[in-house]
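# turn this into a structure:
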Amino acid sequence: MDQSIVFSVFLIFTGAAALATAALYARQSMLVAYILLGMAMGPSALGLVRDVEMLRDLSHVGIVFLLFLLGLNLHPQDLWHMFRKATFVTLGSSLLFALLGGLTAQAFGYGLADSLVIGAALMFSSTIIGLKLLPSTVLHHQHTGEIIISVLLLQDLIAILIMLILHGLAGAASGWQHVTFTLLALPGVLIFAFVFSRYVLTRLLARFDTIQEYIFLLAIGWCLGMAELAQALGLSAEIGAFIAGIAVATEPISRFIAESLKPLRDFFLVVFFFSLGAGLEFEVMQTVLPAAVTLALISLLLKPVVFKHLWVRQGESAAISREVGVRLGQISEFSLLIAVLAASAGVISMQASYLIQLATLITFTVSSYYIVMRYPTPMAVNDRLRRD
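Take a look at the predicted model:
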């Protein structure tokens, strides 16, 4: 019997509220709680939620909003400052961990395509953990935050590029005409977005900027409209949403749009991470466990060392560089997205996708716990860390 969407949403958010409370008391990321809840309620465990595909379709809206908000925060002047300061660190660390991840996958018997995507997944650190566990009230941590954000934003741009490549590979099976059309569609969508934003969207925002409900609706319509346009032209909805965000990033009202859409994004992202956990098959997870633990250890143990070394070379102090490395010492939610997209497009095997997901979950859990125990965070273990 088909399950009611209302019942599924009830289970997800009631369970998420309860498990998130436990996660906060345990000094864990709530994101981990959502995935664990999905694993517990999914078909492989209790079976309370059976229609995982329906939830994945629903949760896709959250990814679209996530990319839209990322684009909204990429101001041209911030991009220039970011590229000058963090390009060497980000590219150097990304290449190193892509190589380590790919070689590790090869050592465990994965094919070339699987190894390339697994290596790419290891390149990124978690934007959610990096920002959510960062205090912003002290000058030292404001500077630390600038360093972390510069790396994360550059990593996110690389992730966008990889998603575009994966989408192109998925369409390559239909012939070079599809690939050529996709390559031509990208600049076309960019030009349309900036022209429409300048001559239509900007004027509407200026004319009705005092009506918050209208701004909210216009932002959602613009985001989803660009997502659908990009998808219709052979690109992905995520790429369209990202371009939509960049097109209005320079507008003063972009900050208001970003803040007003965050609750909506968070609603769908909870569903996304729940559906991710619900879709995991325990039998397959057991087969990828040794490789997942190895990838997790590479991230948890080597990323802090590599980032510390690279930032010291850029002139930062050893203490700040060490803290930045620890705060970036996990795999990213973008790695989860890449794993899901690559598997659904047939670029990698489901086993490789499960490997990336399990390794990411391990690093989320260990890294967030260690950061909370060692460094100042909004949910620090003791009063001293709250004050630092």
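# does Val151 count as helix, strand or coil?
What DSSP: H, G, I helix; E, B strand; the rest coil gives for Val151 is helix.
# list the buried residues in the host helix or strand of Gln106.
Gln106 belongs to helix 76-107 when elements are defined using DSSP states H and E. Using 16 or more other C-beta atoms under 10 Å as the test for burial, helix 76-107 gives 82, 85-86, 89-90, 93-94, 96-98, 100-102, 104-106. C-beta: built from backbone N, CA, C; applies to glycine.
# among these, which one sits closest to Thr294?
Of all the buried residues of helix 76-107, Thr104 has the smallest distance to Thr294: 5.7 Å, by C-beta to C-beta.
# measure the closest one to Ile338 for me?
In this view, Thr104 and Ile338 are 17 Å apart by C-beta to C-beta, to the nearest Å.
# repeat that for Val288.
Applying C-beta to C-beta to Val288 and Ile338 gives a distance of 16 Å.
# give the next helix or strand downstream of the helix or strand harbouring Phe242.
Assigned by DSSP H and E, Phe242 belongs to helix 237-247. Counting by DSSP H and E, the next helix or strand C-terminal to helix 237-247 is helix 254-278.
# wait, doesn't Ser236 sit right on Ile162?
No: applying C-beta atoms under 8 Å, one finds Ser236 not in contact with Ile162, separated by 11.6 Å.
# need the next SSE after the host helix or strand of Ala292, C-terminal direction.
Under the criterion DSSP H and E, the helix or strand holding Ala292 is helix 282-297. As assigned by DSSP H and E, the chain's next helix or strand after helix 282-297 is helix 303-313.
# got the buried residues for that following helix?
Residues of helix 303-313 classed as buried: Lys303, Pro304, Val306, Phe307, Lys308, His309, Leu310, Trp311 (neighbour count, 16+ other C-beta under 10 Å).
# low-scoring stretches of the stretch 251-388 of the chain, by residue?
378-388 (pLDDT under 70).
# still on that earlier bit, now for the buried residues of helix 76-107: which two are most distant?
The span of those, defined through C-beta to C-beta, is set by Lys85 and Gln106 at 33.8 Å.
# any idea which element the residue nearest to the spatial centre of the chain lies in?
In the chain, the residue lying closest to the centroid (C-alpha atoms, centre = their mean) is Phe334, at 3.3 Å. Per DSSP H and E, Phe334 falls inside helix 333-344.
# for that helix, packing partners?
helix 112-121, helix 127-132, helix 139-172, helix 254-278, helix 350-374 (3 or more C-beta pairs under 8 Å, 6 or more residues apart in numbering; DSSP states H and E).
# let's go with 10 Å and repeat that
helix 30-41, helix 52-72, helix 112-121, helix 127-132, helix 139-172, helix 254-278, helix 350-374 (3 or more C-beta pairs under 10 Å, 6 or more residues apart in numbering; DSSP states H and E).
# for it, buried residues please.
For helix 333-344, a neighbour-count test (16+ other C-beta under 10 Å) marks Glu333, Phe334, Ser335, Leu336, Leu337, Ile338, Ala339, Val340, Leu341, Ala342, Ala343 as buried.
# mind putting these in JSON lines, distance to Val64 included?
Shown next, in JSON lines, are the buried residues of helix 333-344 (distance: C-beta to C-beta, whole Å):
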{"residue": "Glu333", "distance to Val64": "14"}
{"residue": "Phe334", "distance to Val64": "14"}
{"residue": "Ser335", "distance to Val64": "18"}
{"residue": "Leu336", "distance to Val64": "15"}
{"residue": "Leu337", "distance to Val64": "11"}
{"residue": "Ile338", "distance to Val64": "16"}
{"residue": "Ala339", "distance to Val64": "18"}
{"residue": "Val340", "distance to Val64": "14"}
{"residue": "Leu341", "distance to Val64": "13"}
{"residue": "Ala342", "distance to Val64": "18"}
{"residue": "Ala343", "distance to Val64": "19"}
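# which one of those is nearest Val6?
Val340 (25.2 Å).
# ok, the closest one to Ser275 distance?
9 Å.
# got it, and Arg207?
Distance of Arg207 to Ser275, computed by C-beta to C-beta: 39 Å.
# out of the two, which sits in the busier spot?
Ser275 (28 against 10; other C-beta atoms under 10 Å).
# hmm, Pro304 is touching Leu328, no?
Yes: between Pro304 and Leu328 there is a contact at 7.6 Å, judged by C-beta atoms under 10 Å.
# give me the low-pLDDT residue ranges for the stretch 101-250 of the chain?
For the stretch 101-250 of the chain, the ranges with pLDDT under 70 are 136-142, 168-183.
# can you tell me the closest non-neighbouring residue to Leu19?
Excluding the flanking residues, the one nearest Leu19 by C-beta to C-beta, 6 or more residues apart in numbering is Ala33, at 4.2 Å.
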